[in-house]
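Trainee: Need a 3D model of the sequence below.
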Amino acid sequence: MIGPAPSLRVADEASLARVMVCDDSAVIRSAIARILEADPNVRVVAKVANGRLAIEELRKTQVDVVVLDIEMPVLDGMSALPLLLRADPDLPRTMFRSRPRSAAAATIRSAGNCWRR
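Mentor: A predicted model of the protein is given here:
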């Protein structure tokens, strides 16, 4: 028999992980934000629609982690990633693609680009 889920400890505001979600789909941005904020230790501090907006937001908002879509209009995640890392070299990031075709290859390329700073 499975018991109740363990309760998650709520961190104080200063120790919350501040996350920016970047995806061109408002539905996906909202879904990812809801999933992340189910953890009381996470705060989504920005939701943006493309890489250019992510770079602008990073300049004015304190962000601990960026969740970044690979394919977006204006400035895609693959192109935005080096610019985000230039703005904050220690920025943790997660790359994803909502359409599975070629996602693995693109994710591996983005990881390689991250390690070659």
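Trainee: Where does the residue nearest the centre of the chain sit: helix, strand or coil?
Mentor: Central residue of the chain (C-alpha atoms, centre = their mean): Val67, 1.1 Å from the mean position. Three-state assignment for Val67 (DSSP: H, G, I helix; E, B strand; the rest coil): strand.
Trainee: dump the residue contacts of it.
Mentor: Shown in contact with Val67 (C-beta atoms under 8 Å, 6 or more residues apart in numbering): Val19, Met20, Val21, Cys22, Asp23, Ile32, Leu36, Arg93, Thr94, Phe96. No exception for glycine: its C-beta is placed from N, CA and C like everyone else's.
Trainee: who does it bridge with?
Mentor: Note on Val67: beta-bridge partners by DSSP bridges are Val21, Thr94.
Trainee: Please report how far it lies from Asp12.
Mentor: Taking C-beta to C-beta, to the nearest Å as the criterion, Val67 is separated from Asp12 by 23 Å.
Trainee: What residues of stretch 24-41 count as buried?
Mentor: Across stretch 24-41, burial judged by 16 or more other C-beta atoms under 10 Å covers Asp24, Arg29, Ile32, Ala33, Leu36.
Trainee: From these, pick the one nearest Val48.
Mentor: Arg29 (7.9 Å; C-beta to C-beta).
Trainee: Which pLDDT value goes with that closest one?
Mentor: On pLDDT, Arg29 comes in at 95.
Trainee: Quick check: it touching Val21?
Mentor: Yes: taking C-beta atoms under 8 Å as the definition, Arg29 is a contact partner of Val21 at 5.2 Å.
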